[in-house]
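Novice: When you get a sec, could you give me coordinates for this:
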Amino acid sequence: MSNILILMGSPRKHGNTSILCDEFARGAEKAGHRVEKINIADKTIKGCLGCNGCQRNGGKCVQHDDMAELYSKILSADVIVLASPIYYYTWTAQLKAVIDRRSEERRVGKECRSRWSP
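Specialist: Okay, the predicted model is just below:
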């Protein structure tokens, strides 16, 4: 049984991306996996400042927002699902902020790096 974390990046809480996430979660749970879906739009996640404070602070970001909560969930997940509608040929701004801030975890150790690799 895997611990699956779905990071839903759509600002539309009941839109198509949310429906797809729910269907994925239903199938995964039916197969015996544990699933948690987090709507990133409900969180306060600031953009990366590029200050390298995380390198000086033992992997801790200088910003105090909901990303700290996400780090622990990401570390405990066996599988991370990134779900986003395509806005201007890329992720939504909400999910992009999470992706940019994950560089903090990458500096902590290779355990985190492997979770984001394709």
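Novice: Report whether the expected contact of I40 with L5 is present.
Specialist: No. With contacts defined as CB atoms under 8 Å, I40 does not count as touching L5, sitting 11.5 Å away. Placement of C-beta: from N, CA and C, glycine included.
Novice: helices or strands up against the helix ranked longest in the chain?
Specialist: For the chain, the helix with the greatest residue count under DSSP state H is helix 16-30. Where contact means 3 or more CB pairs under 8 Å, 6 or more residues apart in numbering; DSSP states H and E, helix 16-30 is packed against strand 3-8, strand 34-39, strand 79-83.
Novice: Show me what the helix or strand just after the last one is packed against.
Specialist: Under the assignment DSSP states H and E, the closest C-terminal helix or strand after strand 79-83 is helix 93-101. Using 3+ CB pairs under 8 Å, 6+ apart as the contact criterion, the neighbours of helix 93-101 among helices and strands are helix 67-76.
Novice: name the helices or strands packed onto the helix it packs on?
Specialist: Judged by 3+ CB pairs under 8 Å, 6+ apart, the packing partners of helix 67-76 are strand 3-8, strand 34-39, helix 93-101, helix 103-108, helix 110-116.
Novice: could you give me the average pLDDT of the last one?
Specialist: Along helix 110-116, the predicted local confidence has a mean pLDDT of 51.
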